[in-house]
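**Q** Could you look at this predicted model? Sequence included:
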Amino acid sequence: MSNPENSSVKTTNPSTANMPMSRKNIVNVNHLRKVYGSTVAVDDVSFSIAEGEVFGIIGPNGAGKTTTVECISGLRVPDSGSATIYGLSPKNDREEVRKCVGVQLQESALPPRIKVWEALDLFASFYSNPLDSRELLETLGIANKRNSTFKKLSGGQKQRLSIALALIGNPKIAILDELTTGLDPEARRETWGLIERIRDRGVTVILVTHYMDEAERLCDRVALINRGRLIALDTPAAMAAREGGEVHMQFVPSGTVDDKVLSALPGVTSVEHRGSRVVVAGSGDLTTIVLYALLNMGVQASDVQVKSGNLEDAFVRLTKTDDSPKKSEVSKQ
Amino acid sequence: MPWKIARKELKVIRRKKSIMFYTIALPFLLAALFSLVIRNDVASGIPSNLQLGAESILYFFVVLAAVLPSTIAGYSIVGEKIEKTLEPLLATPTTDGEILLGKSLAAFLPPMLSMWAGASTFMAVADYILRNAGLSYYYFPNWNAAVMLLILAPLAAIFSVEAGVLASSRVTDVRGANQIAGLMFVPFMAVFVAGVEGIITLSITTLLIFAGGVAIFDVGLYFVSKGTFRREEILTKWK
């Protein structure tokens, strides 16, 4: 399978973008484009997803994340380009694609008075080889809510039910769109555990999120979409390391520190004093180099704190520096 | 598959008390009202125009069959738009035809059962009143009633359901859908007025010809509904 990823997309290795090489690609998105009126929602987006992967799609609000996954799942028809799932076209083989894809849509709901078991039984009846609903509820930790109505479930329980509905058809691919939005931190962490369990069952997960900690924790790779365009594709760690900015090390020295010595160290870009603390910024193996220099100066460092760039830093930096035209501007071109 | 969707719809509708009250109560209220009309008419003996009177009244249940489903049908899609409950269904392997058929079945069955119950009540009470007034035979049921209630009324209900589902998938609020679907009683009312005014007679032949015309419209409306039900539009424009 050729790799269609755009050469302007920032990756560690443009040809693979840290894709798990031992697994086959089951989702291929090629130059996808979707326009709503005068707004280009998705513009020339290309990527591939390997079997068993948790693939994150991140981006600011209105970036085109949901439209991208809805084109993949066949809920929307792209204006140009293509998406295939196991070689099937969501547009032409809609029923077949829906049999192997479970979708949890952003902000969707169920009738308020439908019971949990009724919803699961209904959705199970649409598939030829559904999972056992009792077992699924057990796995998702809401077995005791089987007879509850939808309106009586908490936010976290509703999200669990929506995951259950996405999985009841025994899909090979689960698309989860902003699953944890609106949940409290505890419910979010519980939901993360569920996604890991889904992955452990061998299901490929496409996770749309704007929570960077979520993407960092769960995703094998992330695609960053901004203004409808794919601007970065990599593992969260590689993206954070490459685009997350400098490492900041701060400590309280036992004696006087010669700033000139620290500034001359390889990788160090700045040295600052903040009260009793010294803050050294730079890149590479900063901590080891600085501690070694301090040792040579006969200075001991206490209360050492090191903060490296994370995915959120990379996200902010990439979206801030992205010079692609705004959606409305694209449409005028 | 459509029956499974219909069952889910019926469960949802069953819990909508205002819709259920309207659907169940109206036929029985009309049965009671029309029974009083019959009783009043035969106070001084069996009238000479009994057939015209009794069957015009019974035809009103055909009009009712065209009115009742509009509430459920109007709600069926636009209600789900508002509650955002249609999207999960659209993401399953169900086809557009199956979703529409399932929703149509759910909008068709409760009003039809209710209308038949109301009409049966009216016929039984009317027979009782007429026998007491001196009629030597049971007036109902008769062939006209059979054609009205078993052929024309279901076709009228299907007409209303399909118009309701069609309106429901094109507008953005339940009231709008109900108002459009509610207009579907107009052709049936026109036939009623023509019958009362003596322009046409509500004979079996007339009723069958009218039923044939409605059946053609029903088939046409099904394909129009299916053709205008666009999943992508539902997901895009309804957000």
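**A** Yes, it's here.

**Q** dump the residue contacts of the residue most central in space within chain B.
**A** Centroid-nearest residue in chain B: B:Ala65, 2.3 Å away (criterion: C-alpha atoms, centre = their mean). Residues near B:Ala65 by C-beta atoms under 8 Å, 6 or more residues apart in numbering or on different chains: B:Pro111, B:Met112, B:Met115, B:Ala153, B:Pro154, B:Ala156, B:Ala157, B:Ser160. For glycine as for every other residue, the C-beta is placed from the backbone atoms N, C-alpha and C.

**Q** which one of those residues sits closest to chain A?
**A** Each of those was scored against chain A by C-beta to the nearest C-beta, and B:Pro111 proved nearest at 19.8 Å.

**Q** State the pLDDT value of A:Arg197.
**A** If you check A:Arg197, the pLDDT there is 85.

**Q** what's the burial count for residue 203?
**A** No chain was given, so I picked chain A. Using other C-beta atoms under 10 Å in any protein chain shown, A:Val203 is surrounded by 20 other residues.

**Q** That was the other one, I meant chain B.
**A** Neighbourhood size, B:Ser203 [other C-beta under 10 Å]: 15.

**Q** Which of the helices or strands spans the closest residue to it other than its chain neighbours?
**A** Spatial nearest neighbour of B:Ser203, excluding adjacent residues (C-beta to C-beta, 6 or more residues apart in numbering or on different chains): B:Asn144 at 7.4 Å. Using DSSP states H and E, B:Asn144 sits within helix B:143-146.

**Q** then that helix to PDB, C-alphas only?
**A** Extracted in PDB, the C-alpha atoms of helix B:143-146 (Å, rounded to 0.1, in the frame of the first residue of the first chain):
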ATOM      1  CA  TRP B 143     -70.000  -3.900   2.900                       C
ATOM      2  CA  ASN B 144     -69.700  -0.200   2.800                       C
ATOM      3  CA  ALA B 145     -68.400  -0.200   6.300                       C
ATOM      4  CA  ALA B 146     -66.000  -3.000   5.400                       C
END
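
**Q** Buried residues in it, which are they?
**A** Using 16 or more other C-beta atoms under 10 Å in any protein chain shown as the burial criterion, the residues of helix B:143-146 that qualify are B:Asn144, B:Ala145.

**Q** Name the residues that touch that helix?
**A** The contact list for helix B:143-146 (C-beta under 8 Å, 6+ apart) reads B:Glu55, B:Leu58, B:Ala119, B:Met123, B:Leu202, B:Ser203, B:Ile204, B:Leu207.

**Q** ok, and the most crowded of those?
**A** B:Ala119 leads the contacts of helix B:143-146 on contacts (other C-beta under 10 Å) with 27 neighbours.

**Q** thinking again about what came up before, going on from the helix holding B:Asn144, what's the next piece of helix or strand?
**A** Once the chain leaves helix B:143-146, the next helix or strand it forms, by DSSP H and E, is helix B:153-170.

**Q** Which elements pack onto the helix ranked longest in chain B?
**A** The longest helix of chain B (DSSP state H) is helix B:96-132. Judged by 3 or more C-beta pairs under 8 Å, 6 or more residues apart in numbering or on different chains; DSSP states H and E, helix B:96-132 is in contact with helix B:2-14, helix B:17-41, helix B:50-67, helix B:69-83, helix B:153-170, helix B:204-228.
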